[in-house]
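S.K.: Take a look and give me a structure for this.
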Amino acid sequence: MKLSVIIPIHNRARTIARTLLSLPDSYRQDYEIIVSDDASTDDSVSIVESLRIPNLKVVRSLVKTNGNAARNGGLRASSGEIVAFLDSDDEFAPARIPGLVAYFQSNPEVEVIMGNFSTELNGILRGFQFKEPKLSKQLLRDALVCHAIPITFSSIAVRKSSFSKLGTLDEMVERHQDRDFILSALASDCNISLQNSDDVVKHQSADSFSRSGIGYMRALE
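M.R.: This next block holds a predicted model:
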């Protein structure tokens with residue numbers, strides 16, 4: 001099974017090399033890396049290209065949109081049966097990609113994986129574990145709406161065929177894009193699996209978009 005890693009970027013010159021270098025076995029032919037640039041004005045794209053990763057392609061938008069629009073651009077360019085999303089300041093552990101492929105192969109009924117992750121802030125790493133690997137759709141929906149469950153796009157992977165039900169990601173959503181995606185997957189009756197694999201690190205810093213209050217309440221509404 002071929003896997004596509006989709007990385008949306010906008011002005012991430014400071015972090016994108018770390019993110020890309022966290023992806024192992026760049027010579028492998030069974031996965032591809034797609035960097036979808038959302039009209040960056042810094043050196044993000046030139047840094048990506050300077051790494052000369054053989055199975056990497058760059059798609060570019062000349063007009064600034066948002067993360068979901070960039071992810072949709074990456075989806076259109078992807079050829080994998082599995083899509084794994086990775087934010088441009090986060091990291092995958094070495095076991096992430098082979099683990100996803102093995103899990104989807106062994107569980108053909110699963111359409112979406114929502115994994116746990118660790119958060120790094122000021123050098124301090126904190127993680128969590130899902131207490132239940134399988135929640136009812138109603139309970140998972142309630143937990144997401146109430147912000148009672150942590151989530152990040154970097155820990156989400158999808159069987160690409162499921163986008164025939166899901167459609168494209170909603171480009172009108174400015175914030176909570178990961179939460180909105182899982183809620184949409186639930187509404188589309190996708191089979192979602194929670195997974196404790198401890199193979200994603202989410203980095204936070206003062207300029208992280210997720211730490212900004214701009215647009216937060218409008219998107220939540």
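
S.K.: Doesn't residue 102 lie inside a strand?
M.R.: No. Counting by DSSP: H, G, I helix; E, B strand; the rest coil, residue 102 is not found in a strand; it is helix.

S.K.: Check the spatially most central residue of the chain and give its pLDDT.
M.R.: In the chain, the centroid-proximal residue (C-alpha atoms, centre = their mean) is residue 85; its distance is 2.6 Å. We have a pLDDT of 98 for residue 85.

S.K.: residues touching it, list them.
M.R.: 5, 6, 7, 71, 153, 154, 156, 157 (C-beta atoms under 8 Å, 6 or more residues apart in numbering). Using the backbone N, CA and C atoms, a C-beta is placed for each residue, glycine as well.

S.K.: Look up the closest residue to it, ignoring the ones flanking it.
M.R.: residue 153 (4.6 Å; C-beta to C-beta, 6 or more residues apart in numbering).

S.K.: Also residue 62?
M.R.: residue 39 (5.9 Å).

S.K.: I'd like the distance between the one you found and residue 172.
M.R.: 18 Å (C-beta to C-beta, to the nearest Å).

S.K.: higher neighbour count, these two?
M.R.: Shown here are residue 39 and residue 172; by other C-beta atoms under 10 Å, residue 39 has more neighbours (14 against 9).

S.K.: how deep is residue 31 tucked in, by neighbour count?
M.R.: Quick note: residue 31 (other C-beta under 10 Å) scores 22 neighbours.

S.K.: State the phi and psi torsions of the nearest residue to it once chain neighbours are set aside.
M.R.: In space, and not counting its chain neighbours, residue 31 is closest to residue 3: 4.1 Å by C-beta to C-beta, 6+ apart. Backbone torsions for residue 3, taken as degrees, to the nearest 10, come to phi -120, psi 140.

S.K.: so what's residue 3 bridging to?
M.R.: Residue 3 has these beta-bridge partners by DSSP bridges: residue 31, residue 82.

S.K.: what residue ranges in the chain are flagged as low confidence?
M.R.: 25-28, 205-215 (pLDDT under 70).

S.K.: go again using 50 as the cut-off
M.R.: Within the chain, not a single segment meets pLDDT under 50.

S.K.: Can you list the residue ranges for strands in it?
M.R.: 3-9, 31-38, 56-61, 82-85, 91-92, 112-115, 118-121, 124-127, 156-159, 192-195, 200-204 (DSSP state E).

S.K.: would you turn those strands into a markdown table with distance to residue 101?
M.R.: Output for the strands of the chain, formatted as a markdown table (distance: least, C-beta to C-beta, whole Å):
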| stretch | distance to residue 101 |
| --- | --- |
| strand 3-9 | 6 |
| strand 31-38 | 8 |
| strand 56-61 | 18 |
| strand 82-85 | 7 |
| strand 91-92 | 13 |
| strand 112-115 | 11 |
| strand 118-121 | 22 |
| strand 124-127 | 23 |
| strand 156-159 | 10 |
| strand 192-195 | 13 |
| strand 200-204 | 16 |
